[in-house]
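>>> Sharing a model that was predicted from the sequence below.
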Amino acid sequence: MNLKKFVLVLLLPFFFACKTGHNKIVWTHFDEDLDMLHGDVKQVTIIYDRPLAKSFYYVFNIDRDGKERGLHVHFQSTHLKTRYVAKYDKSSNTEDFIGYTKDISGSKRNQVSGNETIVGIYKYDNQGRIIKYVKIGGVEDRNSYIYKYNNLGDLIECDEYDDGQLESKTTFKYDKRYLITESLAEFEEDSSLEKISYQYKNFDSMNNWLTKIIKSEDGTTSTETRKITYY
């Protein structure tokens, strides 16, 4: 199975936000999600309780500028490692990146064959927020995502395009703590809607959430737990 597809089947979107004047935007290259965290975050481990994701978790390594530089994905006996290399162009306010992914599981029987690369381009605004992401190569070559913010800096809309055509638009609602409480995705092809609600429990000393409960319209719920370390 294609390595990237293998992992993407396991990863489900997670949008979450906390806000203070000192937050850093953490961009996760792998599933194109945005997170805003308190403090100088060094590493985030995400653990799911979903039935299809048993024994699955992934770890993001973050530098002092709030940028993801590495990703480890663990699923049963499979261990995938991605290392990111980025180049920033001040004149255009863009960043090109390449993610080198390889299977380091150890057992040849359980390894996903071959190594993969994840390539893309970010476009930033003058406040350092990502406003566009373009994928390069693969089946999603030139797919792009446009991100929109309110005057408080909260992500309020994500538009996904395929070959220049709008595929979906996702909007977000927040509570008084600047945590996302609802996402609503509208798909252009059939005008269908997908609404997901979020509740948060347990916070660490930096006021970053550690437990999130995700509920779909059909009543299905799951829990996402994360462990956070700091510099």
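In hand now; what should we look at?
>>> Now for T94: which residues touch it?
Y88, I121, Y122, K123, Y124 (CB atoms under 8 Å, 6 or more residues apart in numbering). Just so you know, the C-beta spots here come from the backbone N, C-alpha and C atoms, and that holds for glycine as well.
>>> Could you list the low-pLDDT ranges of this protein?
For the chain, the stretches with pLDDT under 70 are 1-35, 50-55, 76, 106-116, 138-139.
>>> tell me which element I196 is part of?
Using DSSP states H and E, I196 sits in strand 193-203.
>>> Then S91?
Short version, using DSSP H and E: S91 is in no helix or strand.
>>> Tell me the one among the contacts of T94 nearest to E217.
Proximity of the contacts of T94 to E217 (CB to CB) peaks at Y122, which lies at 32.0 Å.
>>> Could you spell out the sheet neighbours of the strand holding I196, each with its direction?
strand 180-187 (antiparallel), strand 209-216 (antiparallel) (DSSP bridges).
>>> Which parts of it count as buried, going by neighbours?
Across strand 193-203, burial judged by 16 or more other CB atoms under 10 Å covers I196, S197, Y198, Y200.
>>> One more: stretch 166-186?
Buried residues in stretch 166-186, defined by neighbour count with 16+ other CB under 10 Å: S168, K169, T170, F172, Y174, L179, I180, S183, A185.
>>> and that stretch, how far apart are its ends?
End-to-end span of stretch 166-186 (CA to CA, to the nearest Å): 10 Å.
>>> returning to that earlier point: same list, the buried residues of stretch 166-186, but as CSV with distance to E157 please.
Output for the buried residues of stretch 166-186, formatted as CSV (distance: CB to CB, whole Å):
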residue, distance to E157
S168, 11
K169, 7
T170, 7
F172, 7
Y174, 13
L179, 17
I180, 12
S183, 10
A185, 11
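>>> now, which of those sits nearest K67?
I180 (21.2 Å).
>>> Just the buried ones from the contacts of T94?
The neighbour count (16+ other CB under 10 Å) marks I121, Y122, K123, Y124 as buried among the contacts of T94.
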